[in-house]
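Chemist: Pasting the sequence and the predicted coordinates here, then a few questions.
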Amino acid sequence: MIDTPTLAVTGVTGAVGRLTADLLADAGVPFRMLARSPERAPRYPGTSVAAATYSDREAVLTALDGVETLFMVSAAENAERLGEHLAFVDAAADAGVGHIVYTSFFGAAPDATFTLARDHYATEQRILASGMRHTFLRDNLYLDFAEHLVGDDGVIRGPAGSGRAAMVARADVARVAAAVLQHPEGHVDVTYDLTGPEELTLAEVAEKLSRHSGRPVSFHDETIPEAYASRAKWHAPDWQNDAWVSTYTAIAAGELSGVTDDVQRVTGRRPLSLDELLTDALL
C-alpha cells in the first residue's frame, strides 16, 4: 500500500485540477495526486504523485489503494474519452474508493444537444451503478474560454442564435471542488449545477470582450452548414467537429441557460462574472 493520504486528486496538470490542488494544499489538506505525466505535477508538502492513466487498470488500482475520496476531473477531449472514464470508474470502485467527486457538464443527458454532455451522462451512470457515493459537479461552459472563442478577425462564429449560457469561471469550479473534498460527508449523492452569476448571449459576450480588450469583437450567428464549413480548415475528426458545433447549438437550444446559486451555497462566495474575470486578467 502507498503510504499517502486517503484523498486523491486527478487532473493536476490541467487547469481545474491544479487550481483545486492549490486550494487543498493552501488549506493544509494532505492528498495524493494521479498524473499521466508525474514530472509535470505540482509539488506540495504532504503530497505524493502516482503515475496512472485512466485506462491503465493496474496502475489505477495501485495508485488508489487506500483512497477513500477521489476527485475525478474529466479527461481531455479525445475519441476514446468515454471508454477511459468507464475504465477508471470501474477500477476506482474495485480499489475500494468510497466517494467520487466528478466534474461533469451542465445538462448532462443521453439526448443532450452538446455531444460531449452525453458522454458525461454515461460516466455519471457508471458511477451511480458502481455503488460508490458520488458528488457530480455539472460545470457550465468556462468563462475563461470566452476570449478563445474569438477568431483572428475579431469575430465569434457559431450557430448559437440568441441563446444564453450561464458560464462559470474555472476558479469557482475549483473552489466548489475543494470545499466538497474537505467535507465530502456533507455532499453525499448530490448534483451541483455550477454557473456564473449571469446568463449571456454570445453577442453580449462579444460586447464585454470589446469593452475590456479595446478592440472590436462581434458575434456572427452561423448556420449549421456554415459552422462545419468554417471549421473544415482544421481537418479535425468528425467527433471533434460535432463537439465544436454542438457547443453553439446547445446554447441556441437553451440547454446552457439558467443561473443557479450552487457555487455560493457550497463556497459561501458569489461566483465571478465575465466582467470581473476580464478585469482581474488586466491587473
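Modeler: Everything's here; your move. Here the structure is a predicted model, which means the values were calculated and not measured.
Chemist: Over to residue 142: give its phi and psi.
Modeler: phi -80, psi 130 (degrees, to the nearest 10).
Chemist: shaky segments in the stretch 101-250 of the chain?
Modeler: Confidence mapping of the stretch 101-250 of the chain against pLDDT under 70 gives zero matching residues.
Chemist: Centre of the chain to the helix or strand harbouring residue 246, how far?
Modeler: Per DSSP states H and E, residue 246 falls inside helix 238-252. Computed by C-alpha atoms, centre = their mean, to the nearest Å, the chain-centroid distance of helix 238-252 equals 16 Å.
Chemist: Can you show me the CA trace of it as PDB?
Modeler: C-alpha atoms of helix 238-252 as PDB (Å, rounded to 0.1, in the frame of the first residue of the first chain):
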ATOM      1  CA  ASP A 238     -15.900  14.100 -37.200                       C
ATOM      2  CA  TRP A 239     -16.400  13.700 -33.400                       C
ATOM      3  CA  GLN A 240     -14.400  16.900 -32.700                       C
ATOM      4  CA  ASN A 241     -16.300  18.900 -35.300                       C
ATOM      5  CA  ASP A 242     -19.600  17.700 -33.900                       C
ATOM      6  CA  ALA A 243     -18.500  18.700 -30.400                       C
ATOM      7  CA  TRP A 244     -17.400  22.200 -31.600                       C
ATOM      8  CA  VAL A 245     -20.600  22.900 -33.500                       C
ATOM      9  CA  SER A 246     -23.000  21.400 -30.900                       C
ATOM     10  CA  THR A 247     -21.500  23.700 -28.200                       C
ATOM     11  CA  TYR A 248     -23.200  26.500 -30.100                       C
ATOM     12  CA  THR A 249     -26.400  24.700 -31.000                       C
ATOM     13  CA  ALA A 250     -26.800  23.700 -27.300                       C
ATOM     14  CA  ILE A 251     -26.700  27.400 -26.500                       C
ATOM     15  CA  ALA A 252     -29.300  28.100 -29.200                       C
END
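Chemist: What are the buried residues along it?
Modeler: 240-252 (16 or more other C-beta atoms under 10 Å). Glycine gets a C-beta too; all of them are placed from N, C-alpha and C.
Chemist: could you dump these to a markdown table with distance to residue 66?
Modeler: Compiled in a markdown table, those are given as follows (distance: C-beta to C-beta, whole Å):
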| residue | distance to residue 66 |
| --- | --- |
| 240 | 38 |
| 241 | 43 |
| 242 | 40 |
| 243 | 36 |
| 244 | 40 |
| 245 | 44 |
| 246 | 40 |
| 247 | 39 |
| 248 | 44 |
| 249 | 44 |
| 250 | 40 |
| 251 | 43 |
| 252 | 47 |
